[in-house]
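>>> Curious how this folds, go ahead:
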Amino acid sequence: MMVRPVIQPFYRPALWTLMFGNLVIGTGVLLPAGMLAAFIADFGVTPATAGLLMFVGGLVVGIGAPVLAGLTTTLDRRLLLTLSLVIYAVGHIGATLTTNFNVVIALRALTVIGAAIFTPQAAATIGLLAPAEKRGGAIAFIFIGWSLAAVIGIPLGSILGDLVGWRPTFLMMAALSLFGALMVWLVLPAALFVQRIDLRAWVRVLTDVRLLIVLFVTMFAMAGQFTLFTYISPTLTLAYGASTNQVALIFLMQGLMGVIGNTVASRTAGRISVDIVVGIALVITGTGLALIGLGWGGYVAFLIGAGLWGLGGFAANSLQQSRLVTLAPALASATIALNTSFVYLGQSLGSASGGALISNGPVAAMAGAAAGLVFVGLALSLLASALHRRVALR
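Numbers count the residues shown, from 1 in each chain. Predicted coordinates for the structure are as follows:
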């Protein structure tokens, strides 16, 4: 299937439309973490059981993103992206109609199929529409939606979950998803197709030790963060006696610092090695999580730790994409797809590890384990850098 050439008139409207779509997707993916206490109260389940919403979501997207990317190459991007947001809407609506938590989990698995499709394919789509010299910036722009989800969507969702309940909040998510689907259908041109990733590219990625280690950096960094992030709401409520507004403030602090960290890191990475910037970001992330553990029970320590965590965590996640492209430019399509998978597999692993630790109530070991996993990611990052330098000297 031939790739449609650049279509200039659609470029700018598509930028804003796909950025909004990522805002909706990002908010929906992270929303259960902000409302976990509401699910616990409504269904009478334990925090570990409620955390399965994040575990299942991460597992489905982690496995599904590259598989669905391969299976949908023959579909028009406008149709595919529209359908992905419709799936997102249907899943959120369906969850509100049941009183069985197991059904909610099953519907969560269906819902996040929309996320597994939309975010990576939105990046591929804007790459088709943007002029060659603007493609990198265009992809970065539509990912602002995810940053906005952390700054606006998650704190607001946490407050709404407490004020009106998780069901009306999910219905709002469904409405936003349907609005996004309508905008995608109206704004994007028809007959946009992407090229299939060559099987040889997958083989080269999976047999390159450096690339594999960098991918595992992503997984361990995300696993560390989601060991605690998934359970922030019940942790602050049960162990800290925090109010809904105080929980929302933690999410807001983390999101705002994440935007700052992303901005600083993107500018700094142009001056010094991206490997070094990733290492610094992971040190800051791990330090923030360790501070939460050391100051366990103190809200101010959690707030400061969450700020450091956001400052480093968001930057490390985004820079890992650039790092993979720098290591193997010709394999960028495959490595970015796999990095998305490792992000969500890390989310799933972290949700599971946090769920095991919180089984008898929130404990400081959650933050300790979170920091430990991030520092494992840091060690792997240093190893990848050393291997890259060795190859460069040959």
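>>> shaky segments in this structure?
In the predicted model of the chain, residues 1-10, 133, 135-137, 195, 269-270, 333, 391-394 satisfy pLDDT under 70.
>>> Surely Asn317 and Met222 touch.
Yes - counting by CB atoms under 8 Å, Met222 is a contact partner of Asn317 at 7.2 Å. For the C-beta atoms, the positions are set from N, CA and C on the backbone; glycine is no exception.
>>> hey, what's in contact with both of those two?
Both Asn317 and Met222 are contacted by Val343, under the criterion CB atoms under 8 Å, 6 or more residues apart in numbering.
>>> Look at these two and report which has more neighbours.
Between Asn317 and Met222, Met222 has the larger neighbour count (other CB atoms under 10 Å), namely 29 against 24.
>>> for the more buried one, what are its contacts?
Taking CB under 8 Å, 6+ apart, we find Met222 in contact with 317, 342-347, 349-350.
>>> In space, what's closest to it - neighbours in sequence excluded?
Closest residue to Met222 apart from its sequence neighbours, by CB to CB, 6 or more residues apart in numbering: Gly346 at 2.8 Å.
>>> Now stretch 288-296 - C-alpha only, PDB.
Output in PDB follows, covering the C-alpha atoms of stretch 288-296 (Å, rounded to 0.1, in the frame of the first residue of the first chain):
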ATOM      1  CA  GLY A 288      11.900  11.700  44.800                       C
ATOM      2  CA  LEU A 289      10.400   8.200  45.400                       C
ATOM      3  CA  ALA A 290      13.100   7.500  48.100                       C
ATOM      4  CA  LEU A 291      12.200  10.800  49.800                       C
ATOM      5  CA  ILE A 292       8.500   9.700  50.000                       C
ATOM      6  CA  GLY A 293       9.700   6.500  51.600                       C
ATOM      7  CA  LEU A 294      12.000   8.200  54.100                       C
ATOM      8  CA  GLY A 295       9.300  10.700  55.100                       C
ATOM      9  CA  TRP A 296       6.400   8.200  55.100                       C
END
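>>> What lies in contact with that stretch?
224-225, 228, 239, 301-302, 304-313, 364-368, 370-371, 374.
>>> let's go with 7 Å and repeat that
Outside stretch 288-296, the residues that touch it by CB atoms under 7 Å, 6 or more residues apart in numbering are 224, 228, 301-302, 304-309, 312, 364, 367-368, 370-371, 374.
>>> just checking, Ser323 touches Val274?
That one is not Ser; residue 323 is Arg. Yes - assessed by CB atoms under 7 Å, Arg323 is found in contact with Val274 at 4.9 Å.
>>> Neighbour count: those two, which is higher?
Arg323 (26 against 22).
>>> now that one: how far from Gly293?
The spacing between Arg323 and Gly293, counted by CB to CB, to the nearest Å, is 28 Å.
>>> Which strands and helices lie in contact with the helix or strand hosting the residue nearest to Met222?
In the assignment (DSSP states H and E), Gly346 maps to helix 332-357. Applying 3 or more CB pairs under 7 Å, 6 or more residues apart in numbering; DSSP states H and E, we find helix 332-357 packed against helix 52-71, helix 199-206, helix 209-229, helix 299-327, helix 365-393.
>>> Name the nearest residue to Ala149, ignoring sequence neighbours.
Closest residue to Ala149 in three dimensions, ignoring its sequence neighbours and counting by CB to CB, 6+ apart: Gly26, at 3.1 Å.
>>> list the contacts for Gly114?
Counting by CB under 7 Å, 6+ apart, Gly114 makes contact with 84-85, 87-88, 91.
>>> Including distance to Thr111, could those residues go into TSV?
Formatted as TSV, the contacts of Gly114 follow (distance: CB to CB, whole Å):
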residue	distance to Thr111
Ser84	11
Leu85	11
Ile87	7
Tyr88	6
Gly91	3
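>>> Now tabulate those in a markdown table and tack on secondary structure, neighbour count and distance to Gly157.
Below are these laid out as a markdown table (DSSP: H, G, I helix; E, B strand; the rest coil; neighbours: other CB atoms under 10 Å; distance: CB to CB, whole Å):
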| residue | secondary structure | neighbour count | distance to Gly157 |
| --- | --- | --- | --- |
| Ser84 | helix | 26 | 20 |
| Leu85 | helix | 28 | 18 |
| Ile87 | helix | 21 | 20 |
| Tyr88 | helix | 30 | 15 |
| Gly91 | helix | 24 | 16 |
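>>> With respect to Leu199, which of these is nearest?
Set against Leu199, the nearest of the contacts of Gly114 by CB to CB is Ser84 (24.7 Å).
>>> I'd guessed that closest one sits against Phe118; true?
Yes - in this structure, Ser84 is within contact of Phe118 by CB under 7 Å, at 4.3 Å.
>>> Is Pro189 in a helix, a strand, or coil?
Per DSSP: H, G, I helix; E, B strand; the rest coil, the secondary structure class of Pro189 is coil.
>>> how much space between it and Ala316?
For Pro189, the distance to Ala316 - CB to CB - is 35 Å.
>>> Pick out whichever of these two has more residues nearby.
Neighbours per residue (other CB under 10 Å) separate Pro189 from Ala316, with Ala316 holding more: 31 against 15.
>>> so that one makes contact with Ile284?
No - using CB under 7 Å, Ala316 makes no contact with Ile284, being 8.5 Å away.
>>> Need the residues that contact stretch 319-330.
208, 210-211, 214, 217-218, 265, 269, 274-275, 277-278, 281, 332, 335-336, 339, 388.
>>> Separate out the buried members of these.
208, 210-211, 214, 217-218, 265, 269, 274-275, 277-278, 281, 335-336, 339, 388 (16 or more other CB atoms under 10 Å).
>>> Tell me where the stretch 101-250 of the chain has helices.
All helices of the stretch 101-250 of the chain, identified by DSSP state H, counting those that start in this stretch, fall at 101-129, 135-142, 144-148, 154-163, 166-187, 199-206, 209-229, 232-239, 244-268.
>>> Packing partners of the fifth one?
Applying 3+ CB pairs under 7 Å, 6+ apart, one finds that helix 166-187 makes contact with helix 11-34, helix 36-43, helix 77-96, helix 154-163.
>>> Could you rerun that using 10 Å?
Here helix 166-187 touches helix 11-34, helix 36-43, helix 77-96, helix 101-129, helix 154-163, going by 3 or more CB pairs under 10 Å, 6 or more residues apart in numbering; DSSP states H and E.
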